[in-house]
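A.B. asks: The following block contains a protein sequence and its predicted model.
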Amino acid sequence: MDHLFALAKSQNIEWLGLRRVREKTLSISVKDSELESYSRGETDGVFIEVLVNGQFGYAATSNLTNDGLVRALENARLRATEGSKLKSFSFDLSVRPVVQKRYQSSVLRSPFKVEAREIVDQMRKLTDLMKVASAIKRRQARIQFVESEVTMKSSSGSDATQEFSWIATNSEAIAEKDGSVQKRTDSGFSARSYQGGLELWWNPQLEERVKRLAEEAVELTTAEQCCDMTTSLVLMPDQMMLQIHESVGHPLEIDRILGDERNYAGWSFIKKEDFGILQYGSPLMNISFDPTQTSEFASYAFDDIGAVAQKEFLIQDGKLLRGLGSLESQKRSGLKGVATQRASLWNRPPIDRMANLNMEPGTSSRQQMIESIESGVLMESNRSWSIDDYRNKFQFGCEFAKKIENGKLTKTLRNPNYRGITNPFWRGLKMVGDSATMDVFGTPYCGKGEPNQAIRVGHASPICLFENVEVFGGVG
């Protein structure tokens with residue numbers, strides 16, 4: 001590919017960037033102790049980006065022959081040239097830094113170096129462990145492994161590589177009794193998603209979790225329906241993941257604030273003048289962007305334009321400080337951002353995305369939190385979500401809940417839901433769990449962009465207590 005740099009120079013292209021992505025995938029599903037599906041896949045392609053007259057143009061190809069690469073370069077040049085006649089903003093090389101780094105996921109056991117039968121047998125064992133009662137009607141385990149090598153080079157001197165290993169898992173049981181059907185998953189659909197190898201999947205805690213989720217699915221079939229009330233709400237880390245993702249992550253994406261996402265996934269209630277001023281939540285709210293955590297799903301050393309990644313506080317002591325905006329969005333908006341311009345694959349342009357977005361721990365233990373509540377509800381494991389086009393009004397449902405009465409967890413509740421408005425909800429944050437209550441989760445399916453890009457995002461959070469929340473029952 002190096003010959004493209006000489007060709008670009010001869011065509012008066014101001015800057016050329018190449019991003020090659022080689023990726024292989026292994027996906028397995030086991031249902032009721034039988035292999036349901038098994039698939040492997042590989043992809044290899046190059047994203048080509050040029051700067052001409054202050055305008056970026058790009059093309060992508062999986063044809064890695066000389067002719068294929070030259071055609072893609074010409075397509076990118078033509079798009080930049082034509083686009084520069086209508087551009088609304090003029091860019092320069094300050095938004096394409098030079099990067100010369102190496103990054104590699106920490107992997108003890110690569111799934112691609114293990115006999116497939118060993119993984120399938122372990123998954124069969126998982127579904128066997130869910131056979132806790134005759135009320136269990138379906139037991140399923142899914143797993144996906146991805147290994148990816150991303151190489152970046154540019155005419156300005158970038159030469160960098162990142163090698164990733166991702167694992168996304170899901171276990172679920174469905175129970176039915178007297179017409180009541182309930183599903184319980186391992187902390188929500190594919191929430192157990194990490195960066196690393198098989199060592200992050202199979203352990204004694206996994207076996208205990210799948211047995212417990214099956215038992216809870218049965219328990220939910222005869223549980224009392226969650227009632228309507230305004231009350232104290234305790235959210236476990238696996239539901240905090242969704243709460244952070246939808247009501248903090250997406251509204252803080254600067255390209256969304258600038259209006260780029262209006263026609264697909266909505267706008268944002270945040271305005272440019274809110275940064276540094278808006279009290280987003282209570283003083284206990286501290287949200288960090290941190291792609292430096294070793295096993296968290298969206299860790300990396302630099303983003304897909306070469307900006308070096310480091311931990312930054314988006315919200316500190318409840319005050320909004322900076323957004324999820326790349327160097328491009330920072331230049332357009334004049335706002336502080338982070339290294340977050342990422343693409344889902346070689347055939348997509350990088351755009352403003354979440355990565356690891358975490359709630360920093362507080363000082364309260366789980367016991368202190370529960371004992372402080374006279375009447376309330378504890379909810380865990382996301383089941384459904386709905387949020388308006390401005391990422392402001394939301395309504396979320398969970399799989400499992402417990403009533404809190406006089407400082408103790410009492411009866412199980414089924415079909416629990418809660419609703420709120422983003423800033424008032426977060427300003428009602430009353431207690432934040434300590435580091436002992438922290439847990440790490442992720443999602444492989446954060447969607448954004450046209451054409452759509454499903455990207456990997458990580459979230460870590462402690463248990464949190466909110467006051468004066470509208471809770472209500474659902475259907476089923």
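C.D. replies: Yes, it's here.

A.B. asks: From now on I want contacts and neighbour counts done on CA atoms only, so please keep to that.
C.D. replies: Noted.

A.B. asks: Please enumerate the strands of the stretch 201-350 of the chain.
C.D. replies: Counting by DSSP state E, counting those that start in this stretch, the stretch 201-350 of the chain has strands at residues 224-225, 229-235, 287-289, 312-316, 319-320, 341-342.

A.B. asks: Name the helix or strand of the protein that has the lowest mean pLDDT.
C.D. replies: Of all helical and strand segments in the chain, the minimum by mean pLDDT, DSSP states H and E falls on helix 3-10, at a mean of 93.

A.B. asks: by contact count, what packs against it?
C.D. replies: The helices and strands touching helix 3-10, judged by 3 or more CA pairs under 8 Å, 6 or more residues apart in numbering; DSSP states H and E, are strand 15-31, helix 66-84.

A.B. asks: which one of these lies closest to Ser282?
C.D. replies: With CA to CA as the criterion, Ser282 lies closest to strand 15-31 of these, at 41.6 Å.

A.B. asks: Okay, now the sheet partners of the closest one, with direction.
C.D. replies: strand 34-52 (antiparallel), strand 136-154 (antiparallel) (DSSP bridges).

A.B. asks: picking that back up, closest one to Arg22 among the strands of the stretch 201-350 of the chain?
C.D. replies: Smallest distance to Arg22 across the strands of the stretch 201-350 of the chain (CA to CA): 15.7 Å, for strand 341-342.

A.B. asks: Touching the closest one from outside, list them.
C.D. replies: 303-305, 325-327, 349-353 (CA atoms under 8 Å, 6 or more residues apart in numbering).

A.B. asks: Give me the subset of these that lies in helices.
C.D. replies: Counted as lying in helices by DSSP state H, out of these, are Leu327.

A.B. asks: that older thread, would you turn the strands paired with strand 15-31 into CSV with mean pLDDT?
C.D. replies: Listed next are the strands paired with strand 15-31 as CSV, based on pLDDT from 0 to 100:
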stretch, mean pLDDT
strand 34-52, 97
strand 136-154, 98
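
A.B. asks: Can you say which of the ones you listed is packed in most?
C.D. replies: Mean neighbour counts were compared across these using mean count of other CA atoms under 10 Å; the top stretch is strand 136-154, at a mean of 21.

A.B. asks: on that earlier part again, of the strands of the stretch 201-350 of the chain, which is nearest Val30?
C.D. replies: Nearest to Val30, of all the strands of the stretch 201-350 of the chain, is strand 229-235, at 30.4 Å by CA to CA.

A.B. asks: buried stuff in that closest one?
C.D. replies: By neighbour count on 16 or more other CA atoms under 10 Å, the buried set for strand 229-235 is 231-235.

A.B. asks: Just give me the neighbour total for Asn452.
C.D. replies: Applying other CA atoms under 10 Å, we find 12 residues neighbouring Asn452.

A.B. asks: ok so, going back, chain center to the least confident helix or strand of the chain, what's the gap?
C.D. replies: Taking CA atoms, centre = their mean, to the nearest Å, one finds helix 3-10 lying 37 Å from the centre of the chain it belongs to.

A.B. asks: So what touches it?
C.D. replies: So helix 3-10 is contacted by 15-16, 69-70, 73, 154-155 (CA under 8 Å, 6+ apart).

A.B. asks: same thing but at 6 Å, please
C.D. replies: Helix 3-10 is contacted by no other residue when judged by CA atoms under 6 Å, 6 or more residues apart in numbering.

A.B. asks: Out of the helices and strands packed on helix 3-10, which is the most enclosed?
C.D. replies: When the helices and strands packed on helix 3-10 are compared using mean count of other CA under 10 Å, strand 15-31 is most buried, at a mean of 21.

A.B. asks: For that one, C-alpha coordinates in PDB please.
C.D. replies: The C-alpha coordinates for strand 15-31 follow below in PDB (Å, rounded to 0.1, in the frame of the first residue of the first chain):
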ATOM      1  CA  TRP A  15      -2.900  14.200   3.100                       C
ATOM      2  CA  LEU A  16      -3.600  10.500   2.700                       C
ATOM      3  CA  GLY A  17      -4.500   8.100   5.500                       C
ATOM      4  CA  LEU A  18      -4.900   4.300   5.200                       C
ATOM      5  CA  ARG A  19      -6.600   2.100   7.800                       C
ATOM      6  CA  ARG A  20      -6.500  -1.600   7.100                       C
ATOM      7  CA  VAL A  21      -8.700  -3.900   9.300                       C
ATOM      8  CA  ARG A  22      -8.300  -7.700   9.300                       C
ATOM      9  CA  GLU A  23     -10.900  -9.400  11.400                       C
ATOM     10  CA  LYS A  24     -12.000 -13.000  12.100                       C
ATOM     11  CA  THR A  25     -15.100 -14.000  14.000                       C
ATOM     12  CA  LEU A  26     -16.300 -17.200  15.700                       C
ATOM     13  CA  SER A  27     -20.000 -17.400  16.800                       C
ATOM     14  CA  ILE A  28     -21.600 -20.300  18.600                       C
ATOM     15  CA  SER A  29     -25.100 -20.900  20.000                       C
ATOM     16  CA  VAL A  30     -26.300 -23.800  22.100                       C
ATOM     17  CA  LYS A  31     -30.000 -24.200  22.900                       C
END
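
A.B. asks: List the buried residues for stretch 255-265?
C.D. replies: Neighbour counts over stretch 255-265 (16+ other CA under 10 Å) mark 255-258, 261, 265 as buried.

A.B. asks: what's the closest of those residues to Val98?
C.D. replies: Lowest distance from Val98 to the buried residues of stretch 255-265 (CA to CA) belongs to Asp255, with 22.9 Å.

A.B. asks: Compare the strands of the stretch 201-350 of the chain and report which one is nearest to Gln144.
C.D. replies: Across the strands of the stretch 201-350 of the chain, Gln144 has its closest neighbour in strand 341-342 (20.8 Å, CA to CA).
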